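*Asks:* Here is the input, now give the coordinates:
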Amino acid sequence: MDTVLVVVTRQIGDVLLTTPLIREVKRRWPQARVDVLGFAGTLGMLRGNPDLRELIEVPARPGPLGTLALARRLWRRYDLALVADPGDRAHLIGWVAARERAGVLPQRSGSNWWKERLLRHAVHSPGDLGDVHVVDEKVALLSPWPAAETAPPQLVGPASAPLPDALQGQLRAGYVVVHAPSMWPYKQWPLEHFRELTGLLALAGRQVVLTGGPGAADRAAVAALAGAAPPAMLVDAGVLDFNQVAGLLRGAALYIGPDTSVSHLAAACGVPVLAIFGPTNPQRWAPWPAGVQPVRFQRRGLAQTVGQVTLLQSELHCVPCGKAGCEDHRMSRADCLPAIRPERVAAKALEILARERSAGVPASPQPTGPRGL
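*Replies:* Numbers count the residues shown, from 1 in each chain. This next block holds a predicted model:
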């Protein structure tokens, strides 16, 4: 293969979880020119990725004229399209762009009949109740083209960029990065729990650094934690780009966050991760650890650790339901998340920090350059 297009028209975290597939493409065809197509605003974590030639950003709703222009731009430009999104539009883009295609399909869907006719190889996804991690699912797209040697899938995080001087000057060795915002309410650990967690970490002598995106909801979530700890022990990192966030994470002793893209980024950067999960199935969506194989999370476990990733779940019998919260829509509540008490999260965080310290891991390693983790 000389030219390969990876189609991932989903959210930022899904894009990052496609990097093991991209790396595998380069292992099979080192000379191949590999591009990624995704929605505008979702491809930031791929900027500077050494495996890629071009990032093609398209509007989420391009309209008829935009669709026609994209079709003309892509028509049979590639030898192979790897469609990492089961949606109809993604598969149509793959058909337009490449002479040969492999794609992810839902286990059952009324549109599978025509999508399968467009594909040389289909990977049928069992959805959020399945037991195959989405990283393994995406890499399986390459099954018809076996590699001479196998290698474990690894996320490729963005390169680190220098932090703003004002932020760098506030950081203390051994700081803990806490990411409070979630895109959807059904994934949101209560902000009052985050406030209590922040206070407990500060009492234990750990500086907390808060991260969040530029959106109004993220800024409001970060602002809600103001005053949760003494000023020197609580730092708002402000709005950083993904490369700066990667640098901040690589200098941290621990990252704590919910089921969100930044948790996946933290895992890719190799920092110890404490992830707070609600209705989401960790077998499918747990942050992918760095450098550990095999990656096998259990569907249910109060606390489970694989590599440098520790994941906490509620005791409620329905966890994980695999739905979008109790009412199964994006704005739904999720009763399992408030049931995870901040004292429990703080205790696990301090346990991880003590374990890392006793293992001889530096309390706050200095940020490094690009890492393929």
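*Asks:* Compute the first-to-last residue distance for stretch 316-329.
*Replies:* Start and end residues of stretch 316-329 are separated by 19 Å (C-alpha to C-alpha, to the nearest Å).
*Asks:* What are the buried residues along that stretch?
*Replies:* Neighbour-count burial for stretch 316-329 flags 316, 319, 320, 321, 322, 323, 324, 325, 326 (criterion: 16 or more other C-beta atoms under 10 Å). Heads up, the C-betas are built off the backbone N, CA and C, glycines and all.
*Asks:* helix or strand for the fourth one, which one?
*Replies:* Read that as residue 321. For residue 321, there is no enclosing helix or strand under DSSP states H and E.
*Asks:* Quick check, it in contact with residue 277.
*Replies:* No: here residue 321 lies out of contact with residue 277, judged by C-beta atoms under 8 Å, at a distance of 11.6 Å.
*Asks:* and residue 298, what does it touch?
*Replies:* Applying C-beta atoms under 8 Å, 6 or more residues apart in numbering, we find residue 298 in contact with 282, 283, 304.
*Asks:* what's next to the helix or strand the last one falls within, contact-wise?
*Replies:* To tie it back to what came earlier, the one meant is residue 304. Element membership of residue 304, judged by DSSP H and E, is strand 303-306. The contact list for strand 303-306, computed with C-beta under 8 Å, 6+ apart, reads 282, 286, 289, 292, 295-298, 310-313, 348.
*Asks:* Who wins on neighbours among those residues?
*Replies:* For the contacts of strand 303-306, neighbours were counted using other C-beta atoms under 10 Å, and residue 286 has the most, 28 neighbours in all.
*Asks:* Need phi/psi at that one.
*Replies:* phi -60, psi 150 (degrees, to the nearest 10).
*Asks:* Now do the same contact list for the nearest residue to it once chain neighbours are set aside.
*Replies:* Excluding the flanking residues, the one nearest residue 286 by C-beta to C-beta, 6 or more residues apart in numbering is residue 297, at 4.5 Å. By C-beta under 8 Å, 6+ apart, the residues touching residue 297 are 133, 282, 283, 286, 304, 306, 311.
*Asks:* Which residue comes closest to the second one once chain neighbours are left out?
*Replies:* Distance criterion C-beta to C-beta, 6+ apart; nearest residue to residue 282, sequence neighbours excluded, is residue 297 at 4.3 Å.
*Asks:* In three-state terms, label the one you found for me.
*Replies:* coil (DSSP: H, G, I helix; E, B strand; the rest coil).
*Asks:* Go ahead and confirm residue 245 touches residue 265.
*Replies:* Yes: Residue 245 is within contact range of residue 265, at 6.6 Å (criterion: C-beta under 8 Å).
*Asks:* Could you chop this protein up by domain?
*Replies:* 3-142, 165-358 (automatic domain parsing).
*Asks:* Just tell me which of those domains ends up closest to residue 151.
*Replies:* domain 3-142 (6.4 Å; C-beta to C-beta).
*Asks:* Could you give the separation of the closest one from the chain centroid?
*Replies:* 17 Å (C-alpha atoms, centre = their mean, to the nearest Å).
*Asks:* So for that domain, first residue to last residue, what's the gap.
*Replies:* End-to-end for domain 3-142, by C-alpha to C-alpha: 14 Å.
*Asks:* Confirm residue 124 sits in a helix?
*Replies:* No: according to three-state DSSP, the state of residue 124 is strand, so it is not within a helix.
*Asks:* quick one: it from residue 94, how far?
*Replies:* 16 Å (C-beta to C-beta, to the nearest Å).
*Asks:* Which of these two has more residues huddled nearby?
*Replies:* For residue 124 versus residue 94, neighbours defined as other C-beta under 10 Å are more numerous around residue 94 (28 against 17).
*Asks:* Do I have it right that the more buried one meets residue 120?
*Replies:* No: using C-beta under 8 Å, residue 94 is not in contact with residue 120, being 10.9 Å away.
*Asks:* shared neighbours of these two, which are they?
*Replies:* Contact criterion C-beta under 8 Å, 6+ apart; residues bridging residue 94 and residue 120 by contacting each: residue 101.
*Asks:* quick one: contacts of stretch 227-240?
*Replies:* For stretch 227-240, using C-beta under 8 Å, 6+ apart, the contacting residues are 163-164, 167, 170-172, 175, 177, 194-196, 198-199, 201-202, 206-214, 222, 225-226, 245, 248.
*Asks:* repeat that for 6 Å
*Replies:* Residues from elsewhere that reach stretch 227-240, judged by C-beta atoms under 6 Å, 6 or more residues apart in numbering: 167, 170, 195, 198-199, 202, 207-211, 214, 222.
*Asks:* How about residue 306: what's its closest non-neighbour residue?
*Replies:* Leaving aside its sequence neighbours, residue 306 sits nearest to residue 289 (C-beta to C-beta, 6+ apart; 5.3 Å).
*Asks:* Is it correct that that neighbour is in contact with residue 309?
*Replies:* Yes: counting by C-beta atoms under 6 Å, residue 289 touches residue 309, with 4.6 Å between them.
*Asks:* between these two, what contacts are shared?
*Replies:* residue 267.
*Asks:* Lovely, talk soon.
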